[in-house]
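Visitor: One predicted model, sequence on top.
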Amino acid sequence: MEQLVTSDFKLGIIAGGQLGKMLVLAASNWDVKTFILDTDGHCPASTCCTQFVKGNQLDYNAVIRFGGMVDMITFEIENVNIEALQKLKAEGKKIFPDPDALAIIQDKGLQKEFYQNNNIPSPQFFLFKNKAEIIVASEAGTITFPFVQKLRKGGYDGKGVAIIHSLNELKNLLEGASLVEKLVEIQTEISVIVARNRKGEIKCFPVVEMEFNEANLVEKLICPSVLEEKILQQANEIATQLISSFNLCGILAVEMFVDKNNVVWVNEIAPRPHNSGHHTIESVITSQYEQLLRAIFNFPLGSTQLKMPSVMINLLGEPNYEGPVKYEGLTDCLGIEGVKIHLYGKKITKPYRKMGHVTILANSIEEAKKKAGIVKQKLKVKSW
């Protein structure tokens, strides 16, 4: 049965960062009441949601109380108390995506085993309880260099990841339960955001290419990808297979590698709105945020047709600046045709902290890239 949206419907969103803020703004178009659970009373979503609830998403009791206040729950972060969500689900609360899928995705080891069991292409891996076990396996030749270590839980935006090229670099290993996988010779890093509603309807957004900076954060996102059509088709097929295998209702961001031989490998997934979908607000007929709402309310999924080529760049706090935020170059950049600036409303900037993003629309990728270069040069996030 279709979920009716009325002015009395209360959608609970766990965590109120920039993704939560943009989801709140999309929900307001349908007169949906939005409740945000977050520890930070000044989080980006706090200024635009219907009701802010202070609480930690990892605290069992806080999540249980929050669930009692709303009609449906979704989230903008994976690091959530699973036991509380599963308890609420058992009591009949609608939670999308499903907590059981989230429990697998939270743990990168379980994630990799899921890929293996469902024939999803992903680099060969080994699981270890601690770094001492990795050292023993390295010295014995069980795992070969170079390899990537990923902590099974808690990592994001490059944190919780170590790349090890030789025995001499074993000192850089991270402590904790980890997976180790072969280092792929990457040609291009891509992402596909795929949506699925409760009827089983599935739609993929256009494949995007991602470029990363020295802090392993997405610096530039290019849409549409210029890769060969057979690679794009394979990426969409993998994303569709993944969301179907999870029986997931909502959206799933699938980050992938294209190696030197044009083979596509899954890197990681996120069952929520994603940085690689920010551009969809302006460049695609349906944004990733509206699509998530359509999916969880069991409405028909919206068109994912591209309106214009685009480049998205993250606005990151400049190195050596920390304190109350100050933006430089806004006037110049807003004078450039096709430039759409999103500031998240974070009061304090820190080096490489995500403070906003800019989507640049143009008639061609080449033109969008040229304008993006100007924006990157002029628009700076500093402090007073």
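Guide: Okay, I see it.

Visitor: got any ranges where the stretch 201-350 of the chain has weak pLDDT?
Guide: 214-216 (pLDDT under 70).

Visitor: All the helices of it, residue numbers only.
Guide: 229-245, 280-283, 288-296, 330-334 (DSSP state H, counting those that start in this stretch).

Visitor: Quick check: which helices or strands does the second one pack against?
Guide: Right, helix 280-283. helix 288-296, strand 339-343, strand 354-361 (3 or more Cβ pairs under 8 Å, 6 or more residues apart in numbering; DSSP states H and E). All C-beta spots, glycine's among them, are computed from the backbone N, C-alpha and C.

Visitor: Of all these, which one comes closest to Ile135?
Guide: With Cβ to Cβ as the criterion, Ile135 lies closest to strand 354-361 of these, at 34.1 Å.

Visitor: Kindly provide the whole-number mean pLDDT of that closest one.
Guide: Strand 354-361 carries an average pLDDT of 97.

Visitor: distance between it and the chain's centre?
Guide: Remark: strand 354-361 is offset 15 Å from the chain centroid, using Cα atoms, centre = their mean, to the nearest Å.

Visitor: Only alpha carbons, please: show that strand as CSV.
Guide: Presented in CSV, the C-alpha positions along strand 354-361 are these (Å, rounded to 0.1, in the frame of the first residue of the first chain):
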residue,chain,number,x,y,z
LYS,A,354,33.7,19.7,4.2
MET,A,355,32.1,23.2,4.4
GLY,A,356,30.0,23.2,1.2
HIS,A,357,30.1,22.2,-2.5
VAL,A,358,29.7,23.9,-5.9
THR,A,359,28.0,22.4,-8.9
ILE,A,360,29.0,24.0,-12.2
LEU,A,361,26.6,23.4,-15.2
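
Visitor: Burial check on Ala368, number of neighbours?
Guide: 25 (other Cβ atoms under 10 Å).

Visitor: contacting residues around the nearest residue to it once chain neighbours are set aside?
Guide: Nearest-residue entry for Ala368: Ala362, 3.9 Å, with adjacent residues in sequence omitted and distances by Cβ to Cβ, 6 or more residues apart in numbering. The contact partners of Ala362, taken as Cβ atoms under 8 Å, 6 or more residues apart in numbering, are Met308, Pro309, Ser310, Val311, Gly338, Ala368, Lys371.

Visitor: would you turn the helices and strands packed on helix 280-283 into CSV with mean neighbour count?
Guide: Listed next are the helices and strands packed on helix 280-283 as CSV, based on neighbours: other Cβ atoms under 10 Å:
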stretch, mean neighbour count
helix 288-296, 25
strand 339-343, 18
strand 354-361, 23
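
Visitor: And those: which comes nearest Val148?
Guide: Closest approach to Val148 among those (Cβ to Cβ): strand 354-361, 23.0 Å.
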